[in-house]
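>>> Sequence and predicted structure are below.
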Number of protein chains: 2
Amino acid sequence: MKVVVLLVAIIVGAYQCHGSEHGANFQVFPLRMKTGLGGHYIPEVSCKSWRLGVEAHNVIDWKSIPEECVGYIGNYLLGDQYRSDSKTVCREAYLYAKTLNITAKDIWVFDIDETTLSNLEYYADHGFGVEPYNETAFNEWVNLGEAPALPESLKLYNKLVGLGVKIVFLTGRPLNQETVTTANLKHAGYHTWLKLIVKNTTLYSGTTAVTYKSAERKKLEEEGYNIIGNIGDQWSDLLGTNTGNRTFKLPDPMYYIS
Amino acid sequence: MKVVVLLVAIIVGAYQCHGSEHGANFQVFPLRMKTGLGGHYIPEVSCKSWRLGVEAHNVIDWKSIPEECVGYIGNYLLGDQYRSDSKTVCREAYLYAKTLNITAKDIWVFDIDETTLSNLEYYADHGFGVEPYNETAFNEWVNLGEAPALPESLKLYNKLVGLGVKIVFLTGRPLNQETVTTANLKHAGYHTWLKLIVKNTTLYSGTTAVTYKSAERKKLEEEGYNIIGNIGDQWSDLLGTNTGNRTFKLPDPMYYIS
């Protein structure tokens, strides 16, 4: 673990030092602006504002993280703050759930990537979101089936299961990744669930994640289930229709899915 | 200005030093928790997570800020980050607006308190949200009519007016504050608007801000207006019905209105 962190720290350092040389290869977000009363430019302040803007759904439809924020985002993800931010969300979710009288039809919807399972090891090797999405490379990583649980999410999952809430995983991963995803979930510590819904890419060809996930949640409600909670790292997990009685947005400054 | 900042810094310091002695007087948010891989408690990390949770609508229905975060929140509001965070939101709003073909029926809805006008001077004297809301004291402040513009919001307002967008102010302030609010808006630099909608507290007695603001936005749409944008510091400005084509959440870690 320490070796991984050290390697990643070196990668972050390399990006910080050489990012501008490779700038032409990246889609650059026009972040540079003067901040503060003095009107001076402070990258960390701007990168923090960008991340907050992403989490509060003000900054949308972005293709990659701002190049000058690679170091900031890498440090955030590998440091205490990402874990603490996730913990706060999961804690609020549990405090809410435990006030409810759970019935046999009550379900909680979990997204998978960056909600249930962490792909941080992959993204640490790919600039924490500064590189354009590489479907081939990402699928190779997914097919290893080695993504660890996000620890705060796993705790929430266990507490919800303990309360008698049924779990539904709803992911944009395609049908051909269903087997490896099932194995990965079990390997990561998620031992039981009502359904794992993967994306039928023929049926949902050309639709957004909002449309696909709304349609699948609608089916769940038509089957008589009551979505008491819905947690995801993307706003597209939480917007649209049939969103659930309460939604929870986990942090994710690495990518945006509409 | 420097004297005010100095005074406020002293107040923040006083809260940091003596907050725990007065703890019994405050409604305390149960924030204390271990964070990070080491499992140690770091107040600033937790307070940052709390603020992010508020902005992403995960932490809701809170009555006052966590007592241990008074110093953190005070420093945030008086430092560069609050201004930068506001700037990022307003910048996204303008980048969106300038892509549109504006018509005579296009309007942009602005909330007033902590969106258009800043009450930071008042809240700096009242613990930045750690004290329970004091309606009498706050109304005394409002009735002075001296609240300054939030500078990034005023810039956005001017740019939207320049694009030909009509402005509607929609506020929870009551009818008896309409005159002073009109004067305050003009004094702060907001020189023109289509409507200033204040709350008819008889008509909307006992309703939430979400209900009141949704109903008033519905009336605007029934009058033929098209709400191209909607900006506020509270999620209750942005949720409900008739929310507008796009919404923008300005930061506000001081209070929560449902």
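Alright, I've got the coordinates. Residues are numbered from 1 along each chain as shown, chains lettered A, B, ... in the order given.
>>> Stretch A:89-101: which residues count as buried?
A:Val89, A:Cys90, A:Arg91, A:Glu92, A:Ala93, A:Tyr94, A:Tyr96, A:Ala97 (16 or more other C-beta atoms under 10 Å in any protein chain shown). The way it works is simple: take the backbone N, C-alpha and C, and place the C-beta from them, glycine included.
>>> hey, C-alpha coordinates of it in PDB?
What follows is stretch A:89-101, C-alpha atoms only, in PDB (Å, rounded to 0.1, in the frame of the first residue of the first chain):
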ATOM      1  CA  VAL A  89     -22.000  11.600   3.000                       C
ATOM      2  CA  CYS A  90     -22.300   8.000   4.100                       C
ATOM      3  CA  ARG A  91     -22.900   9.100   7.700                       C
ATOM      4  CA  GLU A  92     -25.800  11.300   6.700                       C
ATOM      5  CA  ALA A  93     -27.200   8.500   4.600                       C
ATOM      6  CA  TYR A  94     -27.100   6.100   7.600                       C
ATOM      7  CA  LEU A  95     -28.500   8.700  10.000                       C
ATOM      8  CA  TYR A  96     -31.400   9.200   7.600                       C
ATOM      9  CA  ALA A  97     -32.000   5.400   7.100                       C
ATOM     10  CA  LYS A  98     -32.000   4.600  10.700                       C
ATOM     11  CA  THR A  99     -35.000   6.900  11.300                       C
ATOM     12  CA  LEU A 100     -37.100   4.800   8.900                       C
ATOM     13  CA  ASN A 101     -39.300   1.800   9.600                       C
END
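>>> any idea of the mean pLDDT for that stretch?
Mean pLDDT, stretch A:89-101: 98.
>>> Could you do stretch A:136-145 as well?
Mean pLDDT, stretch A:136-145: 98.
>>> Which residues does that stretch contact?
A:Asn119, A:Glu121, A:Tyr122, A:His126, A:Ala147, A:Arg173, A:Gln177, A:Val180, A:Thr181, A:Ala183, A:Asn184, A:His187 (C-beta atoms under 8 Å, 6 or more residues apart in numbering or on different chains).
>>> Recalculate using a threshold of 10 Å.
By C-beta atoms under 10 Å, 6 or more residues apart in numbering or on different chains, the residues outside stretch A:136-145 that reach it are A:112-113, A:117, A:119, A:121-123, A:125-126, A:131, A:134, A:147, A:173-174, A:176-177, A:179-188, A:255.
>>> if we can go back for a sec, is it possible to export the buried residues of stretch A:89-101 to a markdown table including distance to B:Tyr225?
Shown next, in a markdown table, are the buried residues of stretch A:89-101 (distance: C-beta to C-beta, whole Å):
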| residue | distance to B:Tyr225 |
| --- | --- |
| A:Val89 | 36 |
| A:Cys90 | 41 |
| A:Arg91 | 41 |
| A:Glu92 | 36 |
| A:Ala93 | 38 |
| A:Tyr94 | 42 |
| A:Tyr96 | 36 |
| A:Ala97 | 40 |
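>>> so which of those residues are also by chain B?
A:Val89, A:Cys90, A:Arg91, A:Glu92, A:Ala93, A:Tyr96 (C-beta under 10 Å from any C-beta of the partner chain).
>>> I'd like to know how many residues surround A:Lys48.
Neighbours of A:Lys48 under the rule other C-beta atoms under 10 Å in any protein chain shown: 21.
>>> Repeat that for the one 5 residues further on.
As a burial measure, the neighbour count of A:Gly53 was computed by other C-beta under 10 Å and equals 23.
>>> tell me which element it is part of?
helix A:43-55 (DSSP states H and E).
>>> swap in A:Leu170?
Here A:Leu170 is assigned to strand A:166-174, by DSSP H and E.
>>> Which parts of the next helix or strand after that strand count as buried, going by neighbours?
Per DSSP H and E, the first helix or strand lying C-terminal to strand A:166-174 is helix A:178-188. Counting neighbours by 16+ other C-beta under 10 Å, one finds that the buried residues in helix A:178-188 are A:Val180, A:Thr181, A:Thr182, A:Asn184, A:Leu185, A:Ala188.
>>> ok, of those residues, which one's closest to chain B?
The nearest member of the buried residues of helix A:178-188 to chain B, counting by C-beta to the nearest C-beta, is A:Ala188 at 17.5 Å.
>>> tell me which parts of the stretch 51-200 of chain A are close to chain B?
Counting by C-beta under 10 Å from any C-beta, the stretch 51-200 of chain A sits next to chain B at A:51-61, A:78-93, A:95-96, A:151.
>>> Now the buried members of these.
Buried, going by 16+ other C-beta under 10 Å: A:51-59, A:78, A:80-93, A:96, out of those.
>>> burial of A:Glu135, as a residue count?
7.
>>> what's near enough to touch it?
If you count contacts by C-beta under 10 Å, 6+ apart, A:Glu135 has none.
>>> Phi, psi for it please.
phi -60, psi -40 (degrees, to the nearest 10).
>>> Could you check how far it is from chain B?
28 Å (C-beta to the nearest C-beta, to the nearest Å).
>>> next one: A:Leu203
In terms of C-beta to the nearest C-beta, A:Leu203 sits 29 Å off from chain B.
>>> A:Leu160 belongs to a helix, doesn't it?
Yes. Residue state for A:Leu160 (DSSP: H, G, I helix; E, B strand; the rest coil) corresponds to a helix.
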